[in-house]
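Participant: Below are the sequence and a predicted model for it; my questions follow.
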Amino acid sequence: MTEHESTTTVLRKNKKVLIASLTGSAIEWFDYFLYGTAAALVFNKIFFPMVDPVIGLILSYLSFSLTFFIRPIGGVLFAHIGDRIGRKKTLVLTLSLMGGATVMIGLLPTYEMIGLWAPALLILMRIIQGMGIGGEWGGALLLAYEYAPEKRKGFFGSIPQAGVTIGMLMATFIVSLMTLFSEEDFLSWGWRIPFLLSSVLVLLGLWIRKDIDETPDFKRVKASGQVAKTPLRDTLKHHWREVLIAAGLKVVETAPFYIFSTFVVSYATNTLSYQKSQALEAVTLGALVATIMIPLMGLLSDKIGRQRMYATSVFILGLFIVPWFMLLNTGTTWGIVLATVIAFGVLWAPVTAVLGTLCSEIFSANVRYTGITLGYQLGAALAGGTAPLIATGLLAKYDGDWVPVAWYLAVTVVISLIAILCASRVKRTSLIGAQPEHH
């Protein structure tokens, strides 16, 4: 690639690769938010009606949070395949599993039809879905990152990250359409439509991935005969520091994401006196802004440097924690909209935009899939799924006082700032070590 090749030319050349990496992560998050909504509204009534309604709801939510525990297992399994036989084959596998399970959920018979088999099948589909999701992120990211021209790594790496908010927006849109059904129709067949519709996305994703060649980086690893025989063992033995750094980098991207997009809804409606619709509309607007910001921030990181961008954004995010609560506490529509758009749309976006590329840069290509997946899933398991629970617990313990929640967010900021400091040192030493073999 010439030095002055424009972004449009680069985009045209790699259009398929970028669409392939984006569709996977958009489907993953579409499924995630869709299942969360269905777990709250439908599954407790049609899959777990044999128990007390509260227990039904708890079981339904447990089936939702199950993937947080399954994802790391799927991640390790598919990352192993990805580092052994290549990114492309693995991605076809993860998308087929993830998408196939989602469509199957839409076809499942209810408890009334087949009794206990119904919740058992739902949980089985959920496990398959979680396994696929675990391996999908690393593959989708590496597809973009390893195809990227040297000067555009940040931009390419940000594209699959935009799938989070795109999936969220698609799920919100579909669910809001579903509310047009009567309660009865929605419970009997309406809820199935979004699950079945995801098959269109899956087929599109598979069709695009079918024509893509293996990534240049993996081809080089293969040609040089350096394919890792046991990627997991190699990663844990030689790259455990990098795995911990990647998990640390993930902490401030994942905890605030769930606070700004999930916890804010319950906090605004239960503790403050907002309508649920006000909170959901603010989050949707934040997601829209973030979707535009993520690729723009990825592009900007290629100019100013990723580590600088990450550190600056995390620092500003830390400074905004208290103003965020103060804006929410105004009790006004403009307050919640401004708080959510700034926190979620503007400040969280650059952090997520560069996260994937930062993690990819600290691992060598032969264990890169395993390394980034381990770090990502570890960070997600520790800080992601637990964030709304911790924040809600703190609120309950301190009678609705938001200060402890602010301190909790501040801790995630500090952890990630330490991680980025270590990341720059790891990168420097690996660059010094790699000097002699530069041709």
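Facilitator: Sure, I can see it. Numbers count the residues shown, from 1 in each chain.

Participant: And K210, how far from L95?
Facilitator: With distances taken as Cβ to Cβ, to the nearest Å, K210 is found 11 Å from L95. Quick note: C-beta positions are derived from backbone N, CA and C, even for glycine.

Participant: And V10, by the same measure?
Facilitator: From V10 over to L95 the distance is 25 Å, taken as Cβ to Cβ.

Participant: Among K210 and L95, which residue is more densely surrounded?
Facilitator: Between K210 and L95, counting by other Cβ atoms under 10 Å, L95 is the more crowded of the two (27 against 10).

Participant: Do I have it right that the more buried one meets R209?
Facilitator: Yes - here L95 reaches R209: they are 6.8 Å apart, a contact under Cβ atoms under 8 Å.

Participant: Just give the closest residue to G106, not the sequence neighbours.
Facilitator: Counting by Cβ to Cβ, 6 or more residues apart in numbering, G106 lies nearest to F195, which is 2.9 Å off, once chain neighbours are set aside.

Participant: Quick one: residues contacting the one you found.
Facilitator: Taking Cβ atoms under 8 Å, 6 or more residues apart in numbering as the definition of contact, the neighbours of F195 are L34, A38, T102, V103, I105, G106.

Participant: V202 is in contact with the fourth one, correct?
Facilitator: The reference is to V103. Yes - in this structure V103 lies within contact range of V202 using Cβ under 8 Å: 7.1 Å.

Participant: Contacts for stretch 332-350, please.
Facilitator: Residues outside stretch 332-350 that contact it (Cβ under 8 Å, 6+ apart): 253, 256-257, 260-261, 264, 268, 274, 278-279, 281-283, 285-290, 293-294, 297, 300-301, 309-310, 313, 316-317, 320, 323-324, 327-329.

Participant: just the buried members of these?
Facilitator: Among these, those scoring as buried are 253, 256-257, 260-261, 264, 268, 274, 278-279, 281-283, 285-290, 293-294, 297, 300-301, 309-310, 313, 317, 320, 324, 327-328 (criterion: 16 or more other Cβ atoms under 10 Å).

Participant: Take the residues you listed and keep only those in helices.
Facilitator: Using DSSP state H to define helices, the subset of the buried ones among the contacts of stretch 332-350 located there is 253, 256-257, 264, 278-279, 281-283, 285-290, 293-294, 297, 300-301, 309-310, 313, 317, 320, 324, 327-328.

Participant: The residue nearest to K229 when sequence neighbours are not counted: helix or strand, and which one exactly?
Facilitator: Leaving aside its chain neighbours, K229 sits nearest to R84 (7.9 Å; criterion: Cβ to Cβ, 6+ apart). R84 is located in helix 53-85, with elements delineated by DSSP states H and E.

Participant: Mind listing what's buried along that helix?
Facilitator: If you call a residue buried by 16+ other Cβ under 10 Å, then helix 53-85 has these buried ones: 56-57, 59-60, 63-64, 66-67, 70-72, 74-84.
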